[in-house]
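A.B. asks: fold the following and give me the result.
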Amino acid sequence: MRASKLWRHDKDSMVTTLFIVWGKLMKPAVPMGLLAFLLFAGVVNSQTIRDLPPPPPMATPKPKPTPTPKPPSEEVLDVVRVTSNLVMVPVAVTDSQGQAIQGLQIPDFRLLEEGKQQEIAELGDPEQVPLDIALLFDVSSSVSEKGFFEFQQNAAATFLKEVMKPVDKAAIFTIAAEPTLVQPLASAEAAAAKMRTIPAASASVPTAFYDSVAAAAKYLAENSESRHRRVIVVISDGDDNFSERIRALSIADARATLSGQSAPASALAALNEKHRRAVMDIQQLVQKADATFYSVNPGGPSVRMNQISTRAQNGMESIAAATGGTAFLPDGQADLQKVFRQVAAELRGQYLVMYYAGTDVPAGAFRRIDVLLPSKPNLKVRARQGYYRKK
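C.D. replies: Next comes the predicted model:
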């Protein structure tokens with residue numbers, strides 16, 4: 001301790017001596033006060049730096065805790081609820097002449113599910129709700145041999161261009177031994193152009209009608225956007241002899257016919273039962289796809305003269321009634337054009353009634369619905385008979 005004080009004293013004396021000597025030499029060159037200040041500051045600063053302890057080590061930053069994720073907000077949960085419970089019902093409203101009625105509002109409609117009135121959340125205007133069409137064109141021998149295949153093509157192509165708006169799309173399937181998608185969803189121009197290039201069957205070809213409608217329903221369910229109207233339009237006599245659902249019995253019946261024998265009554269009854277079940281199955285698939293089914297039978301009223309043709313037409317009428325569509329029987333070429341215009345007018349005037357179903361209904365359950373116009377009893381309402389609750 002004493003040695004340190006002596007060292008500091010000697011150092012101060014040395015500074016003082018240097019100051020006196022340097023001052024005598026420089027005299028007026030540098031003001032003495034300034035020189036003294038600079039020398040003193042340098043020595044003190046040097047001493048201070050040497051005497052300071054080393055800086056403490058920098059503290060290691062603590063990692064920030066991972067924020068605890070917040071539970072989903074009520075808004076997100078509501079979006080999930082809306083997506084799973086929203087039911088969309090296409091509704092066609094016509095007058096006594098079959099003309100589509102437009103301009104109706106939510107208060108005009110009354111909707112029942114299993115007999116209980118539901119609150120309509122939204123009413124899609126037919127001019128604003130996009131339309132996705134699956135058009136099925138029968139090219140099998142049961143239709144192409146009727147003599148006006150090309151006329152049917154042109155009528156169908158004209159129908160697409162008349163009914164579709166720029167936001168609408170159409171896909172085209174051919175019906176033969178198996179369904180074939182020849183045109184995915186596209187504009188009216190593209191679909192109509194493709195329609196005119198479809199060739200008729202060059203030889204006798206069986207008809208897989210049920211398989212074709214099933215393929216169209218599946219295609220719309222997977223490719224049509226939500227809140228779009230979905231429609232299946234079939235140009236066929238509805239006669240099926242090759243779908244997987246009835247193929248074995250149909251082949252046995254055909255063999256009996258070719259051999260000149262009549263099929264046993266039990267075999268015919270079994271075949272009719274297969275057709276009935278197939279129609280119910282297809283009806284369910286179309287309903288699950290939220291689609292409306294329309295059929296145009298080029299065979300005309302003469303189909304009622306044949307048991308097989310009558311069964312086929314009845315099957316199409318059943319599917320149409322269950323899904324809110326219509327099964328038409330045009331009488332000749334002129335009437336065929338009229339029917340297509342009627343279908344086009346109906347689709348242009350089709351409303352989309354939307355409501356939220358309850359949450360206590362099990363997935364897959366069928367729910368019956370009824371759409372009414374209480375204040376307009378003279379108008380005809382056509383809508384699907386029900387829907388299957390989605391998972």
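A.B. asks: alpha carbons only for contacts and neighbour counts from here, please
C.D. replies: Noted.
A.B. asks: can you tell me how far the most centrally placed residue in the chain is from residue 188?
C.D. replies: Centroid check for the chain by Cα atoms, centre = their mean gives residue 225 as the closest residue, at 2.5 Å. Going from residue 225 to residue 188 by Cα to Cα, to the nearest Å gives 17 Å.
A.B. asks: same deal with residue 99?
C.D. replies: Separation of residue 99 from residue 188 (Cα to Cα) stands at 23 Å.
A.B. asks: these two: who's more crowded?
C.D. replies: residue 188 (24 against 15; other Cα atoms under 10 Å).
A.B. asks: my read: the more buried one touches residue 167, true?
C.D. replies: No - contact criterion Cα atoms under 8 Å: residue 188 and residue 167 do not qualify, at 9.5 Å.
A.B. asks: which SS class is residue 173?
C.D. replies: strand (DSSP: H, G, I helix; E, B strand; the rest coil).
A.B. asks: ok, which stretches of the chain are strands?
C.D. replies: For the chain, strands defined by DSSP state E occupy the ranges 86-94, 110-113, 116-118, 120-124, 131-138, 169-175, 180-186, 229-235, 291-296, 327-328, 351-356, 366-372, 380-383, 386-388.
A.B. asks: as a markdown table, those strands with mean pLDDT would be great.
C.D. replies: A markdown table is the format used below for the strands of the chain (pLDDT from 0 to 100):
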| stretch | mean pLDDT |
| --- | --- |
| strand 86-94 | 93 |
| strand 110-113 | 98 |
| strand 116-118 | 97 |
| strand 120-124 | 95 |
| strand 131-138 | 98 |
| strand 169-175 | 98 |
| strand 180-186 | 98 |
| strand 229-235 | 97 |
| strand 291-296 | 98 |
| strand 327-328 | 96 |
| strand 351-356 | 94 |
| strand 366-372 | 97 |
| strand 380-383 | 95 |
| strand 386-388 | 94 |
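A.B. asks: just put these in JSON lines and tack on distance to residue 317.
C.D. replies: Conversion of these to JSON lines gives the following (distance: least, Cα to Cα, whole Å):
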{"stretch": "strand 86-94", "distance to residue 317": "16"}
{"stretch": "strand 110-113", "distance to residue 317": "23"}
{"stretch": "strand 116-118", "distance to residue 317": "28"}
{"stretch": "strand 120-124", "distance to residue 317": "26"}
{"stretch": "strand 131-138", "distance to residue 317": "16"}
{"stretch": "strand 169-175", "distance to residue 317": "18"}
{"stretch": "strand 180-186", "distance to residue 317": "23"}
{"stretch": "strand 229-235", "distance to residue 317": "12"}
{"stretch": "strand 291-296", "distance to residue 317": "8"}
{"stretch": "strand 327-328", "distance to residue 317": "5"}
{"stretch": "strand 351-356", "distance to residue 317": "21"}
{"stretch": "strand 366-372", "distance to residue 317": "19"}
{"stretch": "strand 380-383", "distance to residue 317": "13"}
{"stretch": "strand 386-388", "distance to residue 317": "16"}
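A.B. asks: make CSV out of those and add mean neighbour count and distance to residue 279.
C.D. replies: Shown next, in CSV, are these (neighbours: other Cα atoms under 10 Å; distance: least, Cα to Cα, whole Å):
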stretch, mean neighbour count, distance to residue 279
strand 86-94, 23, 21
strand 110-113, 17, 24
strand 116-118, 13, 29
strand 120-124, 17, 30
strand 131-138, 25, 17
strand 169-175, 25, 16
strand 180-186, 17, 20
strand 229-235, 25, 14
strand 291-296, 26, 12
strand 327-328, 22, 14
strand 351-356, 21, 26
strand 366-372, 17, 17
strand 380-383, 20, 19
strand 386-388, 21, 16
